Every structure is written in structure tokens, then in C-alpha cells.
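Trainee: Provide a 3D model corresponding to the input given below.
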Amino acid sequence: MNSVIKGASFVLAFAPDMVLHNGTTQTTERVVNPNSEYLKELPSHLRCYEDVLAYAPNQTFIGNITPQELAKIEQPWHQKKISPERFGPFGEIMPQDEFILLMQICDVFDLVKLEESFVVRTKDCLAKDPVIPETVLVKAGPATSGEEIKRLVEEEHSEALFCNGELVGCIKRAHDVDVNLSAHVIFENLVSKAGNVLAILHLLHNGGIDPLSVDYVIDASEEACGDMNQRGGGNFAKAAAEVAGLLSATGSDMRSFCAAPAHAVATAAALVKSGAFKNVIVSAGGSTSKLGMNGKDHVKKGMPILEDVLGGFAVIVSENDGTSPEINLNMLGRHTVGTGSSPQAVITDLVLAPLKRNGLRITDVEKYSPELQNPDITKPAGAGDVPLSNYKMIGALAVKEGEIERADLANFPEKHGLVGWAPTQGHIPSGVPYLGFARQDIMAGKLKNAMIIGKGSLFLGRMTNQFDGISFIIQPNSGANKDEKDVGVSESVVRSMIADAMKSFALSIMAEEGKNV
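Mentor: Numbering: from 1, shown residues only. Sure, this is the predicted structure:
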């Protein structure tokens, strides 16, 4: 039987000081043009936490409003405010101070140093978060003096940690020479790990999942941890599982730029269906490098910096329970080596090919979930509406196949598509943000199926010019609809049938022996 999606969580962490000090657009600008007007103007374009909570795409990400409700709000969304909620059905939007403390909790090598008063006041706040158990909270601390933190930053090449413009801590380098263990890399990796842990904790809490029932974890983020001898050796998955209390789990990392989450979910489904594991979590934390990535264009247009949150997600793929939506592994779309990288070729491989193999049409899929980047962020930067562009390509392919008339092409995105609401965190927007809503709607009978499409740009690594992508279909659970022949027979019935057959065989042998006598 097909594996099922038993739960999904989505979290954001507000990180305005990390925009200033750690996003690559800003760190590069400081090197190339340290006196730039952009760097001078940037601080006045940062949002406060309340504004981030009142931002509709963020509320969609954590499940408080649906994509359909978001689509009804006139763009640009940053000019409209809705009810500011920290928690939602899928997760939360964590404030920056609590996330910094969570980073220290995730540090097992005493590399994160935080100022004493900051730890005391922030620990009390984090303790109120319903998903943070005491076993996790107790790992906060010890504290360090402000003077020592300043010395570590100025003299020991430590990465400074700021909150509301105040130096509240630092991250030490883990090696004097190894650049893979520099304070900067350790900082990026701890951010990713902390976001991963937060997403897993929400998944366990919201789904009522026993941590000991999870036996495998796949991390699908975009960072790499290792040292000079194996710079991407891993393993984020087991590192996050350790903090989250998944004591029965092992795991590994999967990387394919933005396409990794879709690869990981498909792999998890295969592992469960094969019987190798019963419950597999696919999860990922965010990337500090992408904070404020399009900041120059936003500042130039008088906008706030919208790329001020770190994303994270977790999905649990389990044995078929008879109710949860299934992942149909018979309808995997694959971008192969020989496909080529033209948009039409990519969409043909990922969308048309798997459907044709199964006798289906493009219009038989109710909703497509490709790259769900927030257009509020991408349009001012000149990148257009990324989800809409994908739907236009899929619709054009449907026209080419004779499934819809050219006149119906304009309606295709609204009928089969979704607005984008995910932050531009690379791997985070690529298909998976819809899994929470799709799971809910399928179980409620509101959605017949959806295709999740992950795409990635492998050429960024300078090892190949190849593009990448994989897609899969999620659908209602077929267990309740199967007749007796489809369902099969129970183990006890099989045992009884074997016993009867052996008894008949023995009697026939005895009868034959009696004849011979």
C-alpha cells in the first residue's frame, strides 16, 4: 500500500538583525561598497515583530489563512495588515530573541555564548512556548559576561549575535584554521539546525506523535556541515533528531538545491512503502544567506525588507493508516539527465510524462504546487510572479496537448494553481508549503488530488549545467474504498489456508501410500 502524509508543520523565525549582519546581499555590499547608500538606508526599512505577524503570507505559511483567502487580498500584501497571530495550525512565527536562545540550545560544543541578562529574560519567554518541552529548555545556558562576548568578537574571530541592535552573544569558531568550522559557517549551520528542530517539535506536538515512533529523519536544507576533510559530510538530520528527542531515529541528509524537499519526501515514501522504516520525518531549517536577498530593490522602491524571516518545515511520512492522504509513487515525475533545461522540457518531464504513463490528463490534477515564492517579494525585484509563470507553462502544455482551448488558458492558473506565500529561502518554497493545506483539504473531501513539484538549479554549484526536478501526486486514501479483493486477506486467513493445503496434501500422500501397500 502507498505511504501516507500523517502530518506537516511550517515555522518562521523573525531575524531582522541577521538581515543586517548575515544576509549575503548585505555582507557582500560591506566588502564591495562599505559606504553605500543602501547600507545607510537599510535599518529604517526593517519591520517590527508585530508587522511580521500581521503580514498575510506569513499567516498563510503557518496555516491561519488559506491560499484561497490570501488570493482575495489585494496586492501588494505588505500594505495590508491582518490579525497578528504568533501560532497557527501548522506552526509559529518565533521572535528573534527566542530563536537565538534556541540556537544555543542546539549547540552541543559550547560554541554559542549569550549574555546573562539576555538568557534570563529570554528563557522565561521561551518557556511559554507550548511545543518546547522542559527537556529542551533545560539545555539553555550557561551565560557569559558582556565583556567576554565583546572580546571574543574582537579578538577571537567569533560571529556576533545581535538582537534589536544590541550585542547579546556570539558564536565561536570551532577550529583555528579550518574554514569549514569558522564561526560564520557554524553560525549558518546552527540557524538551520534550530529551524529544523523547531519544525519537528511542532510536528510532534500538533500531530500528537510519539517521538519514539519516529525511526528515520531526512534533512533537506541547503547548508552543509563537515570539516576540511569532508566539508559536506553531514548529518543535520541526526543532529536535529537528538535535540528534538527522537531517540529511536537514525537519519541522513539529502541535497539538491531547491528540489531537495521533494526528493526527500519521495524517498521517505519509498522507504516506508518498502518496509524499511515505519515513520520517516522530512525536515529542513532556513538559510541566513538569503535574508534581505532582494533588499536593494525593496529599499529602492520604498518598501520594507520582506525577506526578514527564516523558514522551516517538517513532514512525517508513515505506513498507510487508512485515512491520511497517500503519496502515489506510480506517478513520479523526473527531470532526467537527457531532458535538457528549457522550461518546456522541464515541465514536460515533471508534469506531462508521469500523467501520461498513468492514462491521465493535465486537467485531471486539481491543484499544482510548484515554486511558491511570495510575489510580494519577487515582483519588485524584477523576477515576476514565479508561481503564475509556472502555471502559465503548465496551461500552455495543456493547450498543446489539446486538453483545453487557448481561450481557457487565462483561467488555468486560478483553477489549478495557487498564489505564492513562501519566503524566498531557496528550498523552503519549492512545492512543499502546500502539503499542510492539501492534507487537510483531501481528508475533508474538498480536494481530489495535488501534484507537488520541486525544482532546483544544480548549475549554482559549478559542477554541471544541469537543472533538476522531481514531482509526486498526493491523493485520498484508498483503503476505505477498496473492496475485499483489493484489500486482500488477513494473516490469520493465510495461515488457515496454508494449514488446510498442507493437511490435504498429507492426506493425499497417505492415501497414495495406502494404495501402494
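Trainee: who does the residue most central in space within the chain bridge with?
Mentor: In the chain, the residue lying closest to the centroid (CA atoms, centre = their mean) is F313, at 3.9 Å. Under DSSP bridges, the beta-bridge partners of F313 are F10, A284.
Trainee: what does the helix or strand encompassing K123 rub up against?
Mentor: Assigned by DSSP states H and E, K123 falls within helix 116-126. Helix 116-126 is contacted from outside by 95, 97-98, 100-102, 104, 132, 137, 140-141, 143-145, 163, 168-169, using CB atoms under 8 Å, 6 or more residues apart in numbering. Bear in mind the C-beta positions are built from the backbone N, C-alpha and C, glycine included.
Trainee: how about 6 Å then?
Mentor: With CB atoms under 6 Å, 6 or more residues apart in numbering as the test, helix 116-126 has contacts from 97-98, 101, 132, 140-141, 143, 168.
Trainee: between those, which has the most around it?
Mentor: L101 (29 neighbours; other CB atoms under 10 Å).
Trainee: hmm, back to that, just the contacts of helix 116-126 now: which is nearest D385?
Mentor: E98 (33.1 Å; CB to CB).
Trainee: chain neighbours aside, what residue packs nearest to the closest one?
Mentor: The shortest distance from E98 to any non-neighbouring residue, by CB to CB, 6 or more residues apart in numbering, is to L126 (4.7 Å).
Trainee: how near is the one you found to V120?
Mentor: Separation of L126 from V120 (CB to CB, to the nearest Å): 11 Å.
Trainee: again, but for Q440
Mentor: Distance from Q440 to V120, counting by CB to CB: 40 Å.
Trainee: the more surrounded of the two?
Mentor: Using other CB under 10 Å as the criterion, Q440 and V120 rank with Q440 on top: 17 against 13.
Trainee: what's the spacing between P67 and N206?
Mentor: As for P67, its distance to N206 is 19 Å (criterion: CB to CB).
Trainee: next, I452: phi, psi?
Mentor: I452 adopts backbone torsions of phi -100, psi 130, taken as degrees, to the nearest 10.
Trainee: how many other residues sit next to it?
Mentor: 27.
Trainee: try P375
Mentor: Per other CB under 10 Å, the neighbour tally for P375 reads 22.
Trainee: next: S83.
Mentor: By other CB under 10 Å, the residues close to S83 number 10.
Trainee: just give the closest residue to it, not the sequence neighbours.
Mentor: Leaving aside its chain neighbours, S83 sits nearest to A54 (7.2 Å; criterion: CB to CB, 6+ apart).
Trainee: so who does that neighbour touch?
Mentor: 81-82, 84.
Trainee: among the residues you listed, which ones are in strands?
Mentor: Under the assignment DSSP state E, the contacts of A54 contribute nothing to strands.
Trainee: correct me, but the residue nearest to the centre of the chain touches A199?
Mentor: Yes. Counting by CB atoms under 6 Å, F313 does reach A199; the two are 5.3 Å apart.
Trainee: and A249, how far from F277?
Mentor: Separation of A249 from F277 (CB to CB): 9 Å.
Trainee: neighbour count winner among the two?
Mentor: Set A249 next to F277 and count neighbours by other CB under 10 Å: A249 wins out with 23 against 20.
Trainee: isn't the more buried one right up against V217?
Mentor: Yes. Using CB under 6 Å, A249 makes contact with V217 at a distance of 5.2 Å.
Trainee: hey, what's in contact with both of these two?
Mentor: Counting by CB under 6 Å, 6+ apart, the contacts common to A249 and V217 are A241.
Trainee: name the element D17 belongs to?
Mentor: Using DSSP H and E, the element containing D17 is helix 16-22.
Trainee: picking that back up, which of the contacts of helix 116-126 sits closest to K446?
Mentor: Minimum distance to K446 across these is 32.8 Å, recorded for I132 (CB to CB).
Trainee: burial count for the closest residue to the closest one other than its chain neighbours?
Mentor: Leaving out its chain neighbours, the residue that sits closest to I132 by CB to CB, 6+ apart is L126, at 5.8 Å. Neighbour count of L126, defined by other CB under 10 Å: 20.
Trainee: use 54 as the first number from now on
Mentor: Got it, first residue is 54 now, which makes that one L179.
Trainee: per-residue pLDDT, L179?
Mentor: Confidence at L179, expressed as pLDDT, is 98.
Trainee: contacts for the helix or strand encompassing D494, please.
Mentor: Element membership for D494 (DSSP H and E) is helix 488-496. By CB under 6 Å, 6+ apart, the surrounding residues in contact with helix 488-496 are 58, 61, 116, 143, 368, 378, 500, 503, 527, 529.
Trainee: pLDDT of that helix, averaged?
Mentor: 98.
Trainee: again with stretch 65-83
Mentor: Per-residue pLDDT over stretch 65-83 has a mean of 98.
Trainee: tell me the buried residues in that stretch?
Mentor: 65-76, 78-80, 82 (16 or more other CB atoms under 10 Å).
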